[in-house]
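*Asks:* Okay, here's the prediction I keep looking at, along with the sequence it came from:
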Amino acid sequence: MWSPNVDQPLVTILSVCTWTGVRCGATGRVVTVDIANMNVSASGAAPDSVGVMGLDALESLSLAGNDIVGAVAIASPLPAPRHVNVSRNQLSGGLDLDGGWDLASLPALEVLDAYDNNFSSPLPLGVVGLPRLRYLDLGGNYFTSEIPAAYGAMPAVEYLSLNDNNLQGRIPSELGNLTTLHELYLGYYNVFDGGIPSTLSALCSLTVLDVSNCGLMGREPA
């Protein structure tokens, strides 16, 4: 269980600002929750269900590396978060409304790291509506279906990893619209039809393109 810092005096344990991994700002509102690699788990045999809500000053959330089983629900407006890291857990379901994630409630989000979980739905469309999103890692999961053509409409993305999933179909030519993109990872366990779209040659800022072991044929675009 995640609990207050027992080294704190009893009188201050009532304040969430004294909890391990929690940092509050000058106004006493929670701005950071970082419980990465703290062996956080639920008691009993039931899967974890972690709800994040009511933290209207929260800027950074990291639950990484805890092997949390079940779901993390972000379903209430959180206007301030810029970084959300839930990587290296055992979260399942999806990153959409059905899975408890209202990505539209995170308008300031810049970094979303969901690497190495058990997500198994189609890729979430909510990320497309995040105007500041620059880092998106959905790799190491079981996301299915095709890469949505709408993924070519993320205006600020610099790092996009969809590798090591169960994706199929064609790589959408619309990804060639991601002119801010520096790194693109699509390979491993995904199985794509056709070749690499020639439109990717328009990615003038791209320094890394990884399409290893995903069934593609033909030449890379010049």
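*Replies:* Nice, I can see it.

*Asks:* In this protein, mark out all the helices, start to finish.
*Replies:* For the chain, the helices defined by DSSP state H cover 10-13.

*Asks:* Output the lowest mean pLDDT helix or strand found in it.
*Replies:* Of all helical and strand segments in the chain, the minimum by mean pLDDT, DSSP states H and E falls on helix 10-13, at a mean of 42.

*Asks:* So what would you say the end-to-end distance of stretch 111-131 is?
*Replies:* Using C-alpha to C-alpha, to the nearest Å, the end-to-end distance of stretch 111-131 comes to 11 Å.

*Asks:* should've said stretch 29-39
*Replies:* The first residue of stretch 29-39 is 25 Å away from its last residue (C-alpha to C-alpha).

*Asks:* Please apply the same query to stretch 87-104.
*Replies:* End to end - C-alpha to C-alpha - stretch 87-104 spans 20 Å.

*Asks:* Now it: buried residues?
*Replies:* Judged by neighbour count (16 or more other C-beta atoms under 10 Å), stretch 87-104 contains these buried residues: 87-89, 91-96, 99-103. Glycine gets a C-beta too; all of them are placed from N, C-alpha and C.

*Asks:* Serialize these to JSON lines and add fields for pLDDT and distance to Leu181.
*Replies:* Listed next are these as JSON lines, based on pLDDT from 0 to 100; distance: C-beta to C-beta, whole Å:
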{"residue": "Ser87", "pLDDT": "96", "distance to Leu181": "20"}
{"residue": "Arg88", "pLDDT": "95", "distance to Leu181": "24"}
{"residue": "Asn89", "pLDDT": "93", "distance to Leu181": "27"}
{"residue": "Leu91", "pLDDT": "92", "distance to Leu181": "26"}
{"residue": "Ser92", "pLDDT": "91", "distance to Leu181": "29"}
{"residue": "Gly93", "pLDDT": "89", "distance to Leu181": "28"}
{"residue": "Gly94", "pLDDT": "90", "distance to Leu181": "24"}
{"residue": "Leu95", "pLDDT": "90", "distance to Leu181": "20"}
{"residue": "Asp96", "pLDDT": "88", "distance to Leu181": "23"}
{"residue": "Gly99", "pLDDT": "82", "distance to Leu181": "26"}
{"residue": "Gly100", "pLDDT": "82", "distance to Leu181": "29"}
{"residue": "Trp101", "pLDDT": "86", "distance to Leu181": "23"}
{"residue": "Asp102", "pLDDT": "85", "distance to Leu181": "26"}
{"residue": "Leu103", "pLDDT": "88", "distance to Leu181": "20"}
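
*Asks:* Which members of those residues occur in strands, if any?
*Replies:* Of those, the ones assigned to strands by DSSP state E are 91-93.

*Asks:* give me the number of residues near Ser121?
*Replies:* 17 (other C-beta atoms under 10 Å).

*Asks:* How about the one 4 residues further on?
*Replies:* Burial measure for Leu125: 14 neighbouring residues, criterion other C-beta under 10 Å.
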